[in-house]
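Colleague: 3D, please:
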Amino acid sequence: MDETDVLEQILKANGIPSFDEVILSRLVKFYHLVIEKNKVMNLTAITEFRDFAKKHYADSLSVLRIFKLNVGKMIDVGTGAGFPGIPLAICCPQISFTLIDSLRKRIDFLSDSVNLLGIKNVTLVHTRAEELGRNPEFRDCFDIAVSRAVAPLSTLVEYALPFVKPSGTFIAYKGPNSATEIASSSNALNVLSSRVDHFHSFELTDGSNDEEEKSVRTLLFITKDKPTPQGYPRSSAKILKNPL
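Modeller: Take a look at the predicted model:
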């Protein structure tokens, strides 16, 4: 099997809709761009293709297991090496994506990658989330925010929710301990006029018949009911020192 076939197999095994050859080819090419850049810059510890396709692509696209995205604007908060934003942008060309990250080198790499792959629906912004979240041009205006950032939910919501418009959704990519995180985030969600609408847990698989370590993942769907209160997001120092 070539890499395109392997990717298609893994996405199918994880309940993700099939895509045409152009989309699959772009995903494979982005993998190679990440791996090449990874030689000189720390982007990912996952380098073998099947593992990458499972833990980065199937995970990033797992939201498509549940519903077909049909919104106007999405933002990926703390995109890192481009996950989940780049795979979602490749697979959902009808949606306008904004990807933000605080490290200039990562944004530069993603900018080069977007140009090489011919992706037209991505805007990249080098910024800190708590600073951009106070900018009127970005505040309370996105249909959906997503983030795979490794941070406690009580902290993550203050970075991400200010971007979401009232009645919009923040989708947090989390692991197996989501119930604990939800419980510890009740005050933060209340302060930010939001609530966990539902969550979806599942196991990622690489689609093979071999014994494999299953990765338990959870998508938290957080609905925002009202505009972000004035004063939020706070500075990063305050967010980290005194989570809501």
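Colleague: Residues in contact with whatever helix or strand residue 100 lives in: which ones?
Modeller: Under DSSP states H and E, the secondary-structure element containing residue 100 is strand 96-101. Here strand 96-101 makes contact (C-beta atoms under 8 Å, 6 or more residues apart in numbering) with 72-80, 82, 85-86, 88-89, 107, 110, 121-127, 129, 132, 138, 142. (C-beta placed from N, C-alpha, C; glycine too.)
Colleague: Format the CA atom coordinates belonging to that strand as CSV.
Modeller: Listed in CSV are the C-alpha atoms of strand 96-101, where the atom choice follows Å, rounded to 0.1, in the frame of the first residue of the first chain:
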residue,chain,number,x,y,z
SER,A,96,-12.2,30.1,6.1
PHE,A,97,-9.6,29.2,8.7
THR,A,98,-7.4,31.4,10.9
LEU,A,99,-4.5,29.6,12.5
ILE,A,100,-2.6,31.4,15.3
ASP,A,101,0.6,30.5,17.2
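Colleague: what pairs with it, and is each one parallel or antiparallel?
Modeller: strand 73-77 (parallel), strand 122-126 (parallel) (DSSP bridges).
Colleague: roughly how far apart are residue 217 and residue 232?
Modeller: As for residue 217, its distance to residue 232 is 28 Å (criterion: C-beta to C-beta, to the nearest Å).
Colleague: Can you turn the buried part of the contacts of strand 96-101 into a ChimeraX selection?
Modeller: A single ChimeraX command selects the buried members of the contacts of strand 96-101 (16 or more other C-beta atoms under 10 Å):
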select :73,74,75,76,77,78,79,80,82,85,86,88,89,107,110,122,124,126,129,132,138,142
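Colleague: Which helix in the chain has the most residues?
Modeller: Ranked by residue count, the top helix of the chain under DSSP state H comes out as helix 21-37.
Colleague: Quick one: list the elements packing against it.
Modeller: Under the contact criterion of 3 or more C-beta pairs under 8 Å, 6 or more residues apart in numbering; DSSP states H and E, the helices and strands touching helix 21-37 comprise helix 3-13, helix 49-52, helix 85-91, helix 104-117.
Colleague: So what touches the next helix or strand after the shortest one?
Modeller: On the C-terminal side of helix 49-52, the closest following helix or strand by DSSP H and E is helix 59-60. Residues from elsewhere that reach helix 59-60, judged by C-beta under 8 Å, 6+ apart: 83-88, 148, 173, 204, 215, 217.
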